[in-house]
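Trainee: Quick one, fold the following:
(one chain, ligands or ions: 1)
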Amino acid sequence: MKLLPRKALVLGANGLLGQNLVRVFAHDYEVLAVAAQPEPRAPQPEVYYQSCDIAERADIKKLVKNFIPNCILNAAAFTDVDGSEVKREACWRVNATAVGYLAEAARSIDARVIHVSTDYVFDGTSAPYNEESRPQPLGYYGKAKLAGENVLSTSGANYAIARTMVLYGSGKNLRLNFVTWLLGQLRAGKEVRIVNDQYGNPTLASELAVAMRKLAESKQNGIFHLSGAETISRYDFAVQIARVFELNEKLIHPVTTAELGQAAKRPMNSAFDISKAQRELGVTMSNVVEGLKKFREELSQE
Ligand SMILES: NC(=O)c1ccc[n+]([C@@H]2O[C@H](COP(=O)([O-])OP(=O)(O)OC[C@H]3O[C@@H](n4cnc5c(N)ncnc54)[C@H](OP(=O)(O)O)[C@@H]3O)[C@@H](O)[C@H]2O)c1
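Mentor: Model (predicted):
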């Protein structure tokens, strides 16, 4: 008897994480890649692409009913943290309302949903955070992402939530992430000011995608903290990036968050305890230097 292929629906497939998810699942799943733009930013052979606004209830319902995936990976989001303070409606419709529509559609065909959330659901005053820690978002982006988590966890759908942070990685036609931005600045010989009082766990997108596949294939519902294994200040992370890529670290200058004046308040220390994912899913996440070296390798293979 011929086994039917498993099907994965990747939402947000044009983004940093979405492109990595498509790569990881396309090995042995039939993948439908979905994002908002009419065309794929990273077309891949044998991966179908479809444009869909996931915040349109009828459209996401139709998409899910037509494809009938085993699992749905939701990496689609309104990810402009500062912009979320002013474009509140746009942020809420994708980060909260759409997740409810997705949960409803998934439940109707019994598909498993792996949704991505953020460390910005925490206020950063009592790190390290585990899955039992009480969320207390500081900004509108974090509030909307927390609402998305809540609508999914109370929907009755088969689900897991992967909370992550400080994503970096490679892909095609992507907007810059912290690492690719810094590499550009240092290669151009530009001086940069980087905050030395914000702490987090930098996360390589390809590693997160592999961990999300484990989550998709497990039967466990609930929240999982999935980030890089090591906590570091943004300034020290920048210095490590310069070292791994053999660039001039003297161009990097420390600055405080107060001096920088970002629009949205950010958690100062959102370090994650990732032991639940390590224990229950058997995932291994890199520390800072290991992750950067893997990333350097990925770039050299592109
Ligand atoms: N980046 C980080 O440092 C970070 C940190 C913590 C958590 N996260 C979470 O990780 C996830 C992935 O983040 P990312 O950085 O990979 O995001 P990203 O690069 O900004 O990509 C977001 C994707 O969402 C799609 N999208 C936006 N609105 C949509 C809509 N209405 N309908 C369908 N698709 C829509 C975009 O499509 P188009 O490109 O076609 O417009 C894009 O493919 C998000 O849930 C984010 O909240 C990210």
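Trainee: What is the burial count for N74?
Mentor: Residues near N74, counting by other C-beta atoms under 10 Å, number 29. Using the backbone N, CA and C atoms, a C-beta is placed for each residue, glycine as well.
Trainee: I'd say it and L11 touch.
Mentor: Yes: contact criterion C-beta atoms under 8 Å: N74 and L11 qualify, at 4.8 Å.
Trainee: Show me the beta-bridge partners of T203.
Mentor: Note on T203: beta-bridge partners by DSSP bridges are L167.
Trainee: That one contacts R163, correct?
Mentor: No: the criterion here is C-beta under 8 Å, and T203 misses it with R163 at 10.4 Å.
Trainee: Quick one: name the residues of the stretch 101-250 of the chain near the ligand.
Mentor: Taking C-beta under 6 Å from any ligand atom as the measure of proximity, the stretch 101-250 of the chain contacts the ligand at V116, T118, K145, T164, M165, V166, L167.
Trainee: residue contacts, the last one?
Mentor: This means L167. For L167, the contact set (C-beta atoms under 8 Å, 6 or more residues apart in numbering) comprises L16, L17, N177, T203, A205, L208.
Trainee: Of these, which pair is most distant in space?
Mentor: Greatest spatial distance among the contacts of L167 (C-beta to C-beta): N177 and L208, at 12.5 Å.
Trainee: Can you pick out the residue with more neighbours from these two?
Mentor: Taking other C-beta under 10 Å, N177 and L208 do not tie; L208 has more neighbours (27 against 17).
Trainee: roughly how far out does stretch 28-42 sit from the chain middle?
Mentor: Stretch 28-42 sits 16 Å away from the centroid of its parent chain (C-alpha atoms, centre = their mean, to the nearest Å).
Trainee: got it, and stretch 171-184?
Mentor: Distance, centroid of stretch 171-184 to centroid of chain: 15 Å (C-alpha atoms, centre = their mean).
Trainee: Can you check the distance spanned by that stretch, start to finish?
Mentor: End-to-end span of stretch 171-184 (C-alpha to C-alpha, to the nearest Å): 15 Å.
Trainee: repeat for stretch 173-189
Mentor: From its first residue to its last, stretch 173-189 covers 23 Å (C-alpha to C-alpha).
Trainee: average pLDDT for it?
Mentor: Mean pLDDT, stretch 173-189: 97.
Trainee: what comes into contact with that stretch?
Mentor: 14-16, 19, 41-42, 166-170, 192, 194, 202, 234, 237-238, 241-242, 245, 247-248, 251-252, 292, 295.
Trainee: Go through the residues you listed and flag which are in strands.
Mentor: Of the contacts of stretch 173-189, the ones assigned to strands by DSSP state E are L167, Y168, V192, I194, I252.
Trainee: which one of those is nearest A33?
Mentor: Of all those, A33 sits closest to L167, with 18.2 Å by C-beta to C-beta.
Trainee: Could you confirm whether stretch 288-302 reaches the ligand?
Mentor: No: Stretch 288-302 stays clear of the ligand (C-beta under 6 Å from any ligand atom), getting no nearer than 13.4 Å.
Trainee: what comes up buried for that stretch?
Mentor: For stretch 288-302, a neighbour-count test (16 or more other C-beta atoms under 10 Å) marks V288, E290, G291, L292, F295, E298 as buried.
Trainee: ok, now how distant is the last one from the ligand?
Mentor: It refers to E298. Distance of E298 to the ligand, computed by C-beta to the nearest ligand atom, to the nearest Å: 15 Å.
Trainee: Name the helix or strand of this structure that has the lowest mean pLDDT.
Mentor: None of the helices or strands of the chain scores lower by mean pLDDT, DSSP states H and E than helix 257-260, at a mean of 88.
Trainee: which residues of this protein fall in helices?
Mentor: Here the chain has its helices, by DSSP state H, at 16-25, 57-67, 88-92, 98-109, 140-153, 178-187, 205-217, 234-244, 257-260, 275-281, 288-301.
Trainee: now the last one and helix 178-187, what's the angle there?
Mentor: Between the direction of helix 288-301 and that of helix 178-187, the angle (axes from the mean of the first three to the mean of the last three C-alpha atoms, to 10 degrees) works out to 70 degrees.
Trainee: Mind giving me the packing neighbours of helix 288-301?
Mentor: Packing partners of helix 288-301 (3 or more C-beta pairs under 8 Å, 6 or more residues apart in numbering; DSSP states H and E): strand 203-204, helix 205-217, helix 234-244.
Trainee: cutoff 10 Å now
Mentor: strand 167-168, helix 178-187, strand 203-204, helix 205-217, helix 234-244 (3 or more C-beta pairs under 10 Å, 6 or more residues apart in numbering; DSSP states H and E).
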